[in-house]
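Need coordinates for the below:
(2 chains)
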Amino acid sequence: MQSGRHTPGTNDNPSTAPASPSATGPASDFDVNQLFASTCGWCHLKGGREAGKGPKLADTQLADGEIIARIRNGKPGQMPAFGSAFNDEQLKAIVGYIRGLKP
Amino acid sequence: MTRSWHVAALSLALLLLAGAAATAAEIDAKRLMNADKEADNWLTYHGSYKSWHYSALADINTKNVGSLREAWSHVASRSVRGLQSYPLAADGVLYYSGSYNQVWALDGATGEVLWQYKQKLNEDLVAKQTHSPYNRGIALGYGNVYMGTLDGKLAAIDMKTGKLKWETKLVNSEKLTVGFTGAPLLVKDKVIVGAQGGEWPDRGPIFGVDANTGKQLWRFYTAGGEENNGDARNTWLNDSWRTGGGGGWMAGGYDPDTNTVWWGTANPAPLYDWSGPDWKTAGARPGDNLYTTSVILLDPDTGKLKGYHQEVPHDAWDFDSATGEFIMLERGGKKYVVHPSKSGFVWVYDRNAKVQNVWRLIKNINFVQDIKPNGELVGRRDMTAGKHENLCPFIAGGMSWNMGSYNPKTGLLYKVGNEWCMDLEIVKTTPILEPMAQLNIGANFNITNPKGDKAHGHVSGRDPITGKLTWEVKFPEPPLASLLSTGGDLLFVPDPRGWLRAYDARTGKELWKHNNGQGHNGGIISYRAKGKQYIAVATGWGGLAGDDYPSFFGGVFAQMPKDSGVLKVFALP
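Predicted coordinates:
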């Protein structure tokens, strides 16, 4: 619990919020497990092992190209389009993650 | 009188009449201040600055509600994720918004379309958004309909013509992904609107905009505050305030007595932290993380922080305070502000945000052992990386963002409560900021039944200050729509399966029900047009909380459409 009246602080940091240098986007140290828990796991439950807001991904019958197309293009009102967020290497890693899902 | 004099006199009379009508219809600061005294209208998202979500109209009441019938309906085009908005009614006209920032003005008595508006959106951006393309509400004033847009603008639409008057870009949604979905709040001559984003790497700004010109007047960053205005960046070690979260994504409240805006803020990002009990010094965002999961008090004229209370310091569960109305009450000569939150607890404040009481709306809570009546959290369950079972409530909250209703006749607060839990695996994550920000959850999880029970929802009538229960009705799935109570001693509850029910507000006895054909996930109001009382309710399923229903609850939800929206309006024969 914390409450109070406001006392102006003395922090000189800029009020705008540029990206922190330590907060990297798609990069060479890309970790697909991190990515899934960060961005995908909210809808594909239990790491993709169960259906939630989105379908169960484990044992999907979709071909690799179909999975990549769905991630790139999304589905209106159901799944965002990640085409500009992830590169080809990362998309392949996500497919690898899905193929590797164990119950 | 000559013919020219006659024409001149007639013209003058018509002008005066038009002037009088315009004056009567003008929604200005004074009229908004007294919105609770206009039973025929519903002028703001929360009904009035009291945020009671109550209509004093009593033509429809416990004695005749059994005869309530559908009067007319309006189909909202392109209703992807259903209809989540709150209709407003002013002087016989009903206004409401829908997905993709569409707005309609309808004749309140017949439903005839007076005008329709479609915001020009960056549709490529909208396709990349998670919390999209719904809109949850609009504001009326100074001849305008105000709406926050998915791509980060505030738009003012002419109330009479439906034409765009101005729009102001406030958020760089192309970079930050999030925009606006919550209703703006009009205070005096300022439009106040909060951006989306709890588990998003923005800093949850709230904006004050000139209601007439559209000029941005102030901005308040909820995550970390701002230099010389609530600077709290020292409550986020390692500069973690930069990727903070904290969006004020639902409409706040206003206390005219103290000229203070009350706004609730969302959780910090990442949503789940892996710090465990060392959260003051370790993890993704060490520290209290002010002003996330807080209620903040702002000066509407300047945006200056006047005070705050952080309901959950270092929120590690997504039990944010952006949900929940700020119910202004007076009892025994004392003034209170009652604020429900996603945590399942209800906070009771004085008008300076000093905690007066905290009470539980739901049974299944174990993210803390308790929250004391003075607001102190006891027995926090701070999780480390790895697996954790039976965390309650589920991430969707002990209460969702839908609104309750306070009825001054019964003295009861009616709220939906959700009983559900979750298993999860916390994963250390790194925020994704390039090329555009992405969701930052930090866990894999699944919804579960509470131990020894089945997940369900309930609607109860309670004392708003003490939480004392008068009655409760259970639902097989938590209702996700807002409630309406009326001067006719009725409580209307729109449920997920499609039933709209009316209860005796004093006893909880069911008096009437009607199946609207699809789930409810939006607002409900009452108003009068051409002398007749109407009940208007948004229907349409597909919100983010409800998206878990098909896989978890099954049944009717497996086939329920998620791209359909209809405004249904009811009246006595």
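
C-alpha from now on. contacts and neighbour counts both.
Noted.

What sits closest to B:Pro494 if chain neighbours are left out?
Using CA to CA, 6 or more residues apart in numbering or on different chains and skipping the chain neighbours, the partner closest in space to B:Pro494 is B:Leu500 (4.3 Å).

same question, B:Gly225
Excluding the flanking residues, the one nearest B:Gly225 by CA to CA, 6+ apart is B:Asp231, at 4.6 Å.

Ok, B:Gly398 next?
Leaving aside its sequence neighbours, B:Gly398 sits nearest to B:Gly344 (CA to CA, 6+ apart; 4.1 Å).

just B:Ala443 next, same as before
B:Ile426 (4.3 Å).

quick revisit: so what does the helix or strand harbouring the residue nearest to B:Pro494 touch, helix or strand wise?
Per DSSP states H and E, B:Leu500 falls inside strand B:499-504. Applying 3 or more CA pairs under 8 Å, 6 or more residues apart in numbering or on different chains; DSSP states H and E, one finds that strand B:499-504 contacts strand B:490-494, strand B:510-515.

gap between the residue lying closest to B:Gly487 once chain neighbours are set aside and B:Lys409?
With sequence-adjacent residues excluded and distances taken as CA to CA, 6+ apart, B:Gly487 is closest to B:Ala56, at 4.2 Å. Between B:Ala56 and B:Lys409 the distance is 9 Å, computed by CA to CA, to the nearest Å.

that older thread, just checking, the residue nearest to B:Gly398 touches B:Arg360?
Yes. Judged on CA atoms under 8 Å, B:Gly344 makes contact with B:Arg360 at a distance of 6.1 Å.

Torsion angles phi and psi at the closest residue to B:Phe557 other than its chain neighbours?
Nearest non-adjacent residue to B:Phe557, counting by CA to CA, 6+ apart: B:Pro550, 4.7 Å away. When quoted as degrees, to the nearest 10, the phi and psi of B:Pro550 stand at phi -60, psi -40.

Quick check: phi and psi on B:Asn101?
phi 50, psi 50.

Would you agree it is in contact with B:Asp151?
No. B:Asn101 is beyond contact range of B:Asp151, at 9.8 Å (criterion: CA under 8 Å).

Who has more neighbours out of these two?
B:Asp151 (28 against 25; other CA atoms under 10 Å in any protein chain shown).

List the residues that contact that one.
Listed by CA atoms under 8 Å, 6 or more residues apart in numbering or on different chains, the contact partners of B:Asp151 are B:121-122, B:125-126, B:171-174, B:178-180.

hmm, try it at 6 Å
By CA atoms under 6 Å, 6 or more residues apart in numbering or on different chains, B:Asp151 lies in contact with B:173, B:179.

Give the burial count for B:Val416, as a bare number.
30.

That one is in what secondary structure piece?
Assigned by DSSP H and E, B:Val416 belongs to strand B:412-419.

on contacts alone, who are the packing partners of that strand?
strand B:405-407, strand B:456-462 (3 or more CA pairs under 6 Å, 6 or more residues apart in numbering or on different chains; DSSP states H and E).

Show me the strands in chain A, by range?
A:2-4 (DSSP state E).

Mind putting the helices and strands packed on strand B:499-504 into a markdown table with mean pLDDT, mean neighbour count and distance to B:Lys160?
Formatted as a markdown table, the helices and strands packed on strand B:499-504 follow (pLDDT from 0 to 100; neighbours: other CA atoms under 10 Å in any protein chain shown; distance: least, CA to CA, whole Å):
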| stretch | mean pLDDT | mean neighbour count | distance to B:Lys160 |
| --- | --- | --- | --- |
| strand B:490-494 | 98 | 27 | 31 |
| strand B:510-515 | 98 | 16 | 33 |
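
quick one: the residue nearest to B:Pro494 and chain A, what's the gap?
Distance, B:Leu500 to chain A, using CA to the nearest CA, to the nearest Å: 25 Å.

show me what contacts that residue?
B:Leu500 makes contacts with B:493-494, B:513-514, as judged by CA under 6 Å, 6+ apart.

Please apply the same query to B:Glu330.
By CA under 6 Å, 6+ apart, the contact list for B:Glu330 reads B:Tyr336.

Give me the buried positions along whatever helix or strand it lives in.
According to DSSP H and E, B:Glu330 maps onto strand B:327-331. Under the neighbour-count criterion of 16 or more other CA atoms under 10 Å in any protein chain shown, strand B:327-331 has B:327-329 buried.
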